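A.B. asks: Turn this into a model:
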Amino acid sequence: MAKAAASRPQHAAPQHAFAKTLKTFKTASGKTGQFYSLPELAKQFPNVSKLPVSVRLVLESVLRNCDGKKVTPEHVAQLANWKPTAARTDEIPFVVARVVLQDFTGVPLLADLAAMRNVASSLGKDPKTIEPLVPVDLVVDHSVMIDHYGNKKALDLNMKLEFERNEERYQFMKWGMQAFDTFGVVPPGFGIVHQVNLEYLARGVHKTAGGPKGDVYYPDTLVGTDSHTTMINGIGVVGWGVGGIEAEAGMLGQPVYFLTPDVVGFELTGQLREGVTATDLVLTVTELLRRAKVVGKFVEFFGPGTASLALPDRATIANMAPEYGATMGFFPVDDKTIEYFKGTGRTKAEIEAFEAYFKAQKLFGVPKSGEIDYSSVVKLDLGTVAPSLAGPKRPQDRIEIGKLAGTFGELFSKPVADNGFNQPADKLGQAFTTSKGTTIKNGDVLIAAITSCTNTSNPGVLLAAGLLAKKAVEAGLKVQPHVKTSLAPGSRIVTEYLEKAGLLPYLEKLGFNVAAYGCTTCIGNAGDLAPDINEAITANDLVCAAVLSGNRNFEARIHPNLKANFLASPPLVVAYAIAGNVTKDLMTQPVGKGKGKDGKLRDVYLGDIWPTSDEVYKLMKFAMNPKAFKSNYEKVSNKPGKLWDAIKGGKGQVYAWPKSTYIARPPFFDGFEMTPSAAASGVKGARIMALFGDSITTDHISPAGSIKASSPGGQYLTAHGVGTADFNSYGSRRGNHEVMMRGTFANVRIKNLTIPPKADGSREEGGLTLFQPGAEKMFIYDAAMKYIAAGTPTVIFGGEEYGTGSSRDWAAKGTQLLGIKAVVARSFERIHRSNLVGMGVLPLQFKGNDSWDSLGLKGNELIDIDLGGDIKPQQDAQLVITKPDGSQQKVTLTLRIDTPIEVDYYQHGGILPFVLRQLLAA
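C.D. replies: Below is the predicted model:
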């Protein structure tokens, strides 16, 4: 764990505007603590007692940190008077208790901090001026890939490869650990950041020295540089994913600013039916809330069904808040939370303080219907949830298991515009033989992965997978030979309880050996398929599938050659690995043929091998062992592993930037001056880099997954002497802007609609554009360099939900480095919009039914964007389109710089120069 902050603000009561709210509470053992009391604040603002629990926890931070400067008494009053359906114009300065990072986003963040120290040093300032003011924990979980699988040596071999590929990155992390006082690293091989956060990093409450009346306690809050940080909402912690850009500002003393949110209450009633899993529930919740349009809102769960849910089930639902679009999927603290803290080995003193604090704040327990005022309410009877999968391209597209085969058959021939694959129907059942004699068909499951933070932290679904594997093996079933299987738990604890429950050997017999502890298949680290299979897919344009227990299935994310990707519960992943094809209806057709004890082959159905709730429940005792949790996480500091111990990091307070294709000094502070140059009030004479449709994700924009040798990124690495086998992934090279900017908008599935359709109406895929004037086709990166050399700004046009998906900084950083000055879209996803502002790129939104399509844009026009004089949040802006014939069209847009602080960020050229100027001036 990161060391506690070297200096925390002391809470001197006399100077505090709300000094009267500082009260005391007692723990069960009689220990006294102080806290800023919300019940006391409610005497001044009676509205407080009806506020959503999540809003009250944010209010506590605003109240406690009210210093009259960054946080004012007006901020406290505004939030205390929150109304369910008021216009959202006030911004909240939210000071978090800590920051959590994963390594893909953590390394570029560390690179930015190191570059800031270079600037401080060059200006004659103390480099230690740049220091995180809150504890920061980086969990290395995104770097391991599934190269080896299906055998006992897979884990060791994959970890050795991971360390070979990432040595330069890990040396940089070790430099960071000695250079920064409040920066800690959980080394590779311990688990996925969100599960480690749940089981180990989350403290419940924090405290700071408060004098004779006891320490001042406050609730755990955080931001994380991964969108699934929301998993921590399952234990009552307020926190969400932000880009590393915002996280850096939060680390360096800036509040996290956001607009006062709507809070959608989600009332759960009833209970899940036999055979229905937490995964089925979360896919149903995701579908419902996407339909309810909760982007940018808090979702807070309440009601008797919520109170009945086990803690891991709550965490599974909270985890997928990015998939349903909410800022948070929040569950209040109650007895189940306390049980979880006990079961995961937290100390008695910590648990007592946690429980006593939340009871003193009157924030303990799941609210009942009518107790809280919500902006709106969504309801779900748990008894209506059915076994489901989601896909083939988006997490919110839920399909009941009995409809999967039919749905896939329909989508196979539907046009791409209707989410289909545009294939002739008679090709669906055809068999194709690879050069090595393997037979594959459309719909074949080629990757079956028990993976990702969402489900591998949930003992209920993992034990169910193990039980299904046991019954399948006993029934004589085997996994189809073309399926690449993997088990990548979110924590070593999972392996321990699967072993103790006697289930791991059965999973291993079906090829589900532990292959990694980390975020693997879900983020594109599935490793490659066999070369002959890749060749057959490409040569015959096959639509093959992955089935994974993850949360993301966007195009080209899992594997560039797999077009259909389905999210499913771990037991269903095992079932589909056995079935081998998604066109098999597992509700009516056998999963496979198994040999009985008499040696005869017989049909085995899903119902024959599906575990009962009682069978799962009987094994749950193996999953919550406090001693096992304590022993495991003590090893983070005292026994991190030989591979990690062997890594030698640099010394000193300023990084020397040795030559590396992994880590390079970022260019964002080149030419830095203490006074910002005047920001342009708009864009003049810009060319259109791309016209995009709806649901362009950060996976489409930001480089992810493997690096193709023929791409600009691959060409750069080859030119620098890196062999194709050592390219690693884009994610692992996020610390090198030269690779990352070449991979921006280079996704193999992205469709730039400036390029005219083919004769059959289909669209060319890949990161291409038409350079104007002249319409010469080239890579977006190459065109960007030509436009920059000519001094020509560029803009992007998008559709609905631009920037959906992971909190990828590089989607914004790459956009900025390619010289793109503005993005105009129908709507934006929350994190990407704020990241664009954070990098000094203008986000603008069409009004009403306007779109680039309705305006008839082709991509050969010139674009002006006029913001008028002084920039104001959410003001109108004028879009002026000049066509090749000289005619002009004018349209009014909304500027999506949403808050006053974002105006400052933009005028400073981004959030990082803004914060650096503040730190150096102080």
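A.B. asks: can you map out the strands along the stretch 651-800 of the chain?
C.D. replies: 682-691, 768-771, 776-779, 794-797 (DSSP state E, counting those that start in this stretch).
A.B. asks: ok, and which of these has the densest surroundings?
C.D. replies: strand 794-797 (a mean of 24; mean count of other C-beta atoms under 10 Å). C-beta coordinates here come from the backbone N, C-alpha and C atoms, glycine included.
A.B. asks: which neighbours does that one have in its sheet, and in what orientation?
C.D. replies: Counting by DSSP bridges, the strands paired with strand 794-797 are strand 682-691 (parallel), strand 820-825 (parallel).
A.B. asks: closest to residue 130 out of the ones you listed?
C.D. replies: In terms of C-beta to C-beta, the element of the strands paired with strand 794-797 nearest to residue 130 is strand 820-825, at 28.4 Å.
A.B. asks: ok, residues contacting the next helix-or-strand element following the closest one?
C.D. replies: Using DSSP states H and E, the next helix or strand after strand 820-825 towards the C-terminus is helix 830-838. Residues outside helix 830-838 that contact it (C-beta atoms under 8 Å, 6 or more residues apart in numbering): 227, 241-243, 245-246, 249, 295-296, 325, 327, 698, 701, 802-804, 807-809, 811-812, 815, 823, 828, 842-843, 896-898, 902, 905-906, 910-912.
A.B. asks: Beyond helix 830-838, next helix or strand please.
C.D. replies: Taking DSSP H and E, what comes next after helix 830-838 is strand 842-846.
A.B. asks: which helices and strands does that following strand pack with?
C.D. replies: With contacts taken as 3 or more C-beta pairs under 8 Å, 6 or more residues apart in numbering; DSSP states H and E, strand 842-846 sits against strand 820-825, helix 830-838, strand 888-895.
A.B. asks: Tabulate these (JSON lines), appending mean neighbour count, distance to residue 533 and mean pLDDT.
C.D. replies: JSON lines is the format used below for the helices and strands packed on strand 842-846 (neighbours: other C-beta atoms under 10 Å; distance: least, C-beta to C-beta, whole Å; pLDDT from 0 to 100):
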{"stretch": "strand 820-825", "mean neighbour count": "26", "distance to residue 533": "37", "mean pLDDT": "98"}
{"stretch": "helix 830-838", "mean neighbour count": "27", "distance to residue 533": "34", "mean pLDDT": "88"}
{"stretch": "strand 888-895", "mean neighbour count": "16", "distance to residue 533": "47", "mean pLDDT": "97"}
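A.B. asks: Switch the ones you listed over to a markdown table; also include distance to residue 580.
C.D. replies: Listed next are the helices and strands packed on strand 842-846 as a markdown table, based on distance: least, C-beta to C-beta, whole Å:
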| stretch | distance to residue 580 |
| --- | --- |
| strand 820-825 | 40 |
| helix 830-838 | 37 |
| strand 888-895 | 50 |
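A.B. asks: among the ones you listed, which is nearest residue 1?
C.D. replies: helix 830-838 (25.7 Å).
A.B. asks: Identify the residues contacting residue 770.
C.D. replies: So residue 770 contacts 754, 755, 776, 777, 859, 860 (C-beta under 8 Å, 6+ apart).
A.B. asks: try 6 Å
C.D. replies: 754, 777 (C-beta atoms under 6 Å, 6 or more residues apart in numbering).
A.B. asks: go on, residue 213?
C.D. replies: Per C-beta under 6 Å, 6+ apart, neighbours of residue 213: 24, 34.
A.B. asks: same thing with residue 217?
C.D. replies: Here residue 217 is in contact with 33, 35, 205, 207, 357 (C-beta under 6 Å, 6+ apart).
A.B. asks: Over to residue 239?
C.D. replies: 221, 222, 229, 232.
A.B. asks: Recalculate using a threshold of 7 Å.
C.D. replies: 221, 222, 223, 224, 229, 232, 233 (C-beta atoms under 7 Å, 6 or more residues apart in numbering).
A.B. asks: Distance of it relative to residue 324?
C.D. replies: 17 Å (C-beta to C-beta, to the nearest Å).
A.B. asks: what number of residues lie near residue 599?
C.D. replies: Residue 599 sits with 7 neighbouring residues when counted by other C-beta atoms under 10 Å.
A.B. asks: How about the one 10 residues further on?
C.D. replies: Burial of residue 609 is recorded as 24 neighbouring residues (other C-beta under 10 Å).
A.B. asks: For the nearest residue to it once chain neighbours are set aside, give me the pLDDT.
C.D. replies: Nearest non-adjacent residue to residue 609, counting by C-beta to C-beta, 6 or more residues apart in numbering: residue 471, 3.9 Å away. We have a pLDDT of 98 for residue 471.
A.B. asks: do residue 374 as well
C.D. replies: 98.
A.B. asks: Grab the nearest non-local neighbour of it.
C.D. replies: Nearest to residue 374 is residue 265, by C-beta to C-beta, 6+ apart, at 3.4 Å.
A.B. asks: secondary structure element for the one you found?
C.D. replies: strand 263-269.
A.B. asks: Also residue 195?
C.D. replies: helix 193-196.
A.B. asks: Run through the neighbouring helices and strands of the very next helix or strand once past that helix.
C.D. replies: Scanning forward in sequence from helix 193-196 by DSSP H and E, the next helix or strand is strand 205-208. Judged by 3 or more C-beta pairs under 7 Å, 6 or more residues apart in numbering; DSSP states H and E, strand 205-208 is in contact with strand 216-219, helix 348-360.
A.B. asks: quick one on the thing from earlier: mind picking the two most distant members of the contacts of residue 239?
C.D. replies: Every pair of these checked by C-beta to C-beta; the farthest is 223 and 233, at 12.4 Å.
A.B. asks: the more surrounded of the two?
C.D. replies: residue 233 (29 against 25).
A.B. asks: residues in contact with that one?
C.D. replies: Residue 233 neighbours (C-beta under 7 Å, 6+ apart): 239, 318, 328, 329, 330, 331.
A.B. asks: Residue 312 now?
C.D. replies: 457, 458, 459, 460.
A.B. asks: Sort out which one of those lies nearest residue 444 for me.
C.D. replies: Scanning the contacts of residue 312 for proximity to residue 444, where the rule is C-beta to C-beta, the winner is residue 458, at 27.8 Å.
A.B. asks: returning to that earlier point: okay, the helices and strands packed on strand 205-208 in CSV with distance to residue 375 and mean pLDDT next?
C.D. replies: CSV is the format used below for the helices and strands packed on strand 205-208 (distance: least, C-beta to C-beta, whole Å; pLDDT from 0 to 100):
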stretch, distance to residue 375, mean pLDDT
strand 216-219, 23, 98
helix 348-360, 24, 98
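A.B. asks: where in this protein is pLDDT low?
C.D. replies: 3-14, 679, 807 (pLDDT under 70).
A.B. asks: Right, I'll call it a day here.
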